[in-house]
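>>> sequence below, structure please.
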Amino acid sequence: MPRTPLADDRGPAQPAPEPTDAEPAEPAPAGRLCVPVRPGAHGVTTRLYRTPVGARTAVAFTSPERLRATLGGDQPWIPLSEPALRALTRPLGVRALTVDPVLTAPFTPAPTPTTTPAGPAPEAVPGPVAESPYPARPRPGTPCARRFDAAARGTAA
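This is a model prediction of the structure:
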């Protein structure tokens, strides 16, 4: 019968390799974050954004000055920790968190309707109106006709 190695047969434990990268793969929590919000039905709601490829992301800033520089001075915000922000957005399916984004698209208001340079739209020209392919009343004996007739009589169908 072959011998199976035991834990003691593996030899001395090897020391962990020295890290060569100064930044860890997963950044440490950022501490207090300034999270942009909007008014909601029961207070405020965290604003969610989209990445350049279209994925939804939560956005936070490390200081109010950075938030104002990116989103404007009138943007309301609340202080939250990173774990709290992730816990708020996880049920919504948002896994990404962007801290201190610097590239954002400027706000563009919806276009307002304008009149044409030639003036108001021309009035409708009177003329024959095409007949509707549908009859004004349902055909007799159809379910719609029974409901229509009952409604006209004031009784239930």
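>>> and the closest residue in space to Pro76 that isn't next to it in sequence, how many neighbours?
The shortest distance from Pro76 to any residue other than its chain neighbours is 5.4 Å, reached at Val37 (C-beta to C-beta, 6 or more residues apart in numbering). Bear in mind the C-beta positions are built from the backbone N, C-alpha and C, glycine included. By other C-beta atoms under 10 Å, 16 other residues sit near Val37.
>>> can you check Glu65 too?
Using other C-beta under 10 Å, Glu65 is surrounded by 10 other residues.
>>> again, but for Arg90
By other C-beta under 10 Å, the residues close to Arg90 number 11.
>>> pull up the per-residue confidence for it.
Note on Arg90: pLDDT of 95.
>>> for stretch 71-78, buried residues please.
Residues of stretch 71-78 classed as buried: 71, 75, 77 (neighbour count, 16 or more other C-beta atoms under 10 Å).
>>> same question, stretch 88-107
89, 94, 97, 100.
>>> now the first one: which helix or strand?
Put plainly, it is Thr89. Using DSSP states H and E, Thr89 sits in helix 82-89.
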